[in-house]
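A.B. asks: Quick one, fold the following:
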Amino acid sequence: MDPNELEAYETARVHVLLTEVRRLITGTIAPHAAFDPEDKRVRHIAAQLNSVESTLDLIA
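C.D. replies: Alright, predicted model coming up:
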């Protein structure tokens, strides 16, 4: 395969994953965190997903 095609495919996949992570954060985790801001589990999940989002954003 052509390296340019591979890079284009990788970038496209990362964009899809980034969109999914952002939707999970804004559509599920953020409302849950707002409902129960003291929930340690939800805070941990939010922190981890924010880290994943940042990493994917750098790759994209």
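A.B. asks: give the contact list for the residue nearest the centre of the chain.
C.D. replies: By Cα atoms, centre = their mean, the chain has its centre lying nearest to residue 21, at 2.9 Å. Residues near residue 21 by Cβ atoms under 8 Å, 6 or more residues apart in numbering: 49, 52, 53, 56. Just so you know, the C-beta spots here come from the backbone N, C-alpha and C atoms, and that holds for glycine as well.
A.B. asks: Let's see the pLDDT reported for the last one.
C.D. replies: Okay, so that is residue 56. At residue 56, the pLDDT value in this model is 96.
A.B. asks: and if you look at the second one?
C.D. replies: pLDDT recorded at residue 52 is 97.
A.B. asks: Okay, and it sits in which element?
C.D. replies: According to DSSP states H and E, residue 52 maps onto helix 40-59.
A.B. asks: Please convert the contacts of residue 21 to JSON lines, extending it with neighbour count.
C.D. replies: Conversion of the contacts of residue 21 to JSON lines gives the following (neighbours: other Cβ atoms under 10 Å):
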{"residue": "49", "neighbour count": "17"}
{"residue": "52", "neighbour count": "15"}
{"residue": "53", "neighbour count": "16"}
{"residue": "56", "neighbour count": "19"}
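A.B. asks: Residue 33 versus residue 43, what's the distance?
C.D. replies: Between residue 43 and residue 33 the distance, using Cβ to Cβ, to the nearest Å, works out to 7 Å.
A.B. asks: on that earlier part again, what sits against the closest residue to the residue nearest to the centre of the chain other than its chain neighbours?
C.D. replies: Sequence neighbours aside, residue 53 is the residue nearest to residue 21 in space, at 5.1 Å (criterion: Cβ to Cβ, 6 or more residues apart in numbering). The neighbourhood of residue 53, defined by Cβ under 8 Å, 6+ apart, consists of 18, 21, 22, 25.
A.B. asks: per-residue confidence for the residue lying closest to residue 46 once chain neighbours are set aside?
C.D. replies: Nearest residue to residue 46 in three dimensions, chain neighbours excluded: residue 29, at 5.1 Å (Cβ to Cβ, 6+ apart). Note on residue 29: pLDDT of 96.
A.B. asks: Thank you, goodbye.
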